[in-house]
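Student: dropping the sequence and predicted coords here.
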Amino acid sequence: MTLRVKALESLLVEKGLVDPAALDAIVDHYEHKVGPRNGARVVARAWVDPAYRARLLDDATAAIAELGYTGGQGAHMVVVENTPERHNLVVCTLCSCYPWPVLGLPPVWYKSAAYRSRSVIDPRGVIAEFGTDLPADIEVRVWDSTAEIRYLVLPERPDGTEGLDEAALAELVTRDSMIGTTRL
Amino acid sequence: MNGVHDMGGMQGLGRIIPEPEGSPFHGEWEARVHAMSVASPTRANIDAGRHQRELIPGAEYLAMTYYEKWFRGLSELLVLKGFLTPEELASGKAAPGSEKRTPHLMAAMVEPSLMRQGSYLRETAGAPMFAIGDQVKTRNLNPDGHTRLPRYARGRVGVIEAAHGAHVFPDSHAHGLGENPRRLYTVRFTARELWGGAANPRDSVSLDLWEPYLERA
């Protein structure tokens, strides 16, 4: 693929259709400026600030923008909250919709046929494969991102973290817990 | 279209292979394909780009990696929309005397452009057909073009869980038929409605569905 991709890029540059420096800047953005650490900061803020958590659940797009996270694939955000009785799992069965501003670009498995096909019919099996056996009496809600709404799971704050500050809490938040394939 | 991309509920498509957090790209070429797709003038219609990947023949689609599909879709769309000729794509060289354009996304504009909070919400006339709490049934639609009503959720009864106003309707937009904004709802279906009596009675799947997909149940 490397040669074919290089050939297309040089053709597009020759035709004036793309600016190679713009391509460098786009790669830099998705490698370094967005990613799951953004989402982790949103989650940690919600854990320590009840008013922020309320705003996040009421209008996630605006609450996330308060922390400076905006942009494509995040214009219509919805945050879904895990509780002791309810677990949320996010998928895009048709392709790969994912909240880029807060999670960055999706991991390969999120875009894989295996995950896209199974998450809606066997969410408990998928979550078990990621290492969590959910009790049958916990409700599982799956969100299939079929439009421009992008979903972020707000995991539960782990027990025994009362003494941690916001930055330390953010370190505990994993990408997979914000997709819903794991619980913290 | 009933393509293999519409795979929700299928079984036997392999194992899920977990991956640690890290660079989203596996090789420089993936990063360049991603960047070219974002910077390409064809990006102005993201739904057409999505549909182009769905048009990859099913057996090939299942065998390709994600960014191989993006590369294929981008190459085909550039020709389809008249930005490249098939000869240029095959040879990798601009046709002699062909026009040199000015890229619409220059490096200095990348950050503001990627951070811009675009919106798919649009004004539309008329009152919404459904309200939160209404029971609805999805229509049994099998269009040969782009749609966001997956096969596994057709002809099923669910409940309106949220109303999002009117959004760009991809079924029209993907085909260059304009934005045709229609009301968008989150509809929740019980796992038992979708998958039968063996499913956990507590579980559900919610999908974002446009009004033309729905009728009163």
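Tutor: Alright, I've got the coordinates.
Student: so where do the helices sit in chain B?
Tutor: B:28-39, B:46-54, B:58-63, B:66-80, B:86-91, B:110-115, B:170-173, B:191-195 (DSSP state H).
Student: next, format these as TSV and append mean pLDDT.
Tutor: Conversion of the helices of chain B to TSV gives the following (pLDDT from 0 to 100):
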stretch	mean pLDDT
helix B:28-39	98
helix B:46-54	97
helix B:58-63	98
helix B:66-80	98
helix B:86-91	96
helix B:110-115	97
helix B:170-173	98
helix B:191-195	98
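Student: for A:Ser119, give me phi and psi.
Tutor: Main-chain torsions, A:Ser119, degrees, to the nearest 10: phi -60, psi -30.
Student: residue contacts, it?
Tutor: Residues counted as contacts of A:Ser119 (CB atoms under 8 Å, 6 or more residues apart in numbering or on different chains) are A:Leu89, A:Val91, A:Thr93, A:Val126, A:Val142, A:Asp144, B:Gly8. For every residue, glycine as well, the C-beta is placed using N, CA and C.
Student: ditto for B:Leu105
Tutor: A:Val18, A:Asp19, A:Ala22, B:Val38, B:Ala39, B:Ser113.
Student: apart from its chain neighbours, what residue comes closest to residue 147?
Tutor: With no chain named, the answer covers chain A. The spatially closest residue to A:Ala147, leaving aside those adjacent along the chain, is B:Asp208, at 3.6 Å (CB to CB, 6 or more residues apart in numbering or on different chains).
Student: can you look at chain B instead?
Tutor: Using CB to CB, 6+ apart, the closest residue to B:Thr147 is B:Asp171 (5.2 Å).
Student: swap in B:Leu149?
Tutor: B:Tyr213 (4.5 Å).
Student: the one you found touches B:Pro143, doesn't it?
Tutor: No: with contact defined as CB atoms under 8 Å, B:Tyr213 does not count as touching B:Pro143 (10.5 Å).
Student: look at those two and report which has more neighbours.
Tutor: B:Tyr213 (23 against 11; other CB atoms under 10 Å in any protein chain shown).
Student: OK, contacts around the more buried one?
Tutor: B:Thr138, B:Arg139, B:Leu141, B:Thr147, B:Arg148, B:Leu149.
Student: quick check: the third one touching B:Arg154?
Tutor: Translated: B:Leu141. Yes: in terms of CB under 8 Å, B:Leu141 counts as a neighbour of B:Arg154; the distance is 6.6 Å.
Student: between those two, which has more neighbouring residues?
Tutor: B:Arg154 (16 against 13).
Student: list the contacts of the more buried one.
Tutor: B:Thr138, B:Arg139, B:Asn140, B:Leu141, B:Asn142.
Student: pLDDT score assigned to the first one?
Tutor: Read that as B:Thr138. pLDDT for B:Thr138: 98.
Student: so what touches stretch B:174-186?
Tutor: A:78, A:147, A:149, B:45, B:47-48, B:50-51, B:122-124, B:128-130, B:136, B:145-146, B:160-169, B:171-173, B:206-212, B:214.
Student: mind redoing it with 7 Å?
Tutor: Contact with stretch B:174-186 is made by A:147, B:47-48, B:50-51, B:122, B:124, B:128-130, B:145-146, B:160-169, B:172-173, B:206, B:208-212, as judged by CB atoms under 7 Å, 6 or more residues apart in numbering or on different chains.
Student: one more: stretch A:152-164?
Tutor: Contacts for stretch A:152-164 (CB under 7 Å, 6+ apart): A:39, A:43, A:46-47, A:60, A:77, A:79-83, A:88, A:90, A:99, A:102, A:169, A:172-173, A:177-180, A:183-184.
Student: which residue ranges of chain B form strands?
Tutor: All strands of chain B, identified by DSSP state E, fall at B:121-122, B:135-138, B:157-167, B:182-190, B:204-210, B:214-216.
Student: most packed of the ones you listed?
Tutor: Of the strands of chain B, the one with the most neighbours on average (mean count of other CB atoms under 10 Å in any protein chain shown) is strand B:204-210, at a mean of 26.
Student: partner strands of that strand and their direction?
Tutor: strand A:139-144 (parallel), strand B:182-190 (antiparallel) (DSSP bridges).
Student: dump the ones you listed to CSV, plus mean pLDDT and distance to B:Phe83.
Tutor: Shown next, in CSV, are the strands paired with strand B:204-210 (pLDDT from 0 to 100; distance: least, CB to CB, whole Å):
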stretch, mean pLDDT, distance to B:Phe83
strand A:139-144, 98, 33
strand B:182-190, 98, 29
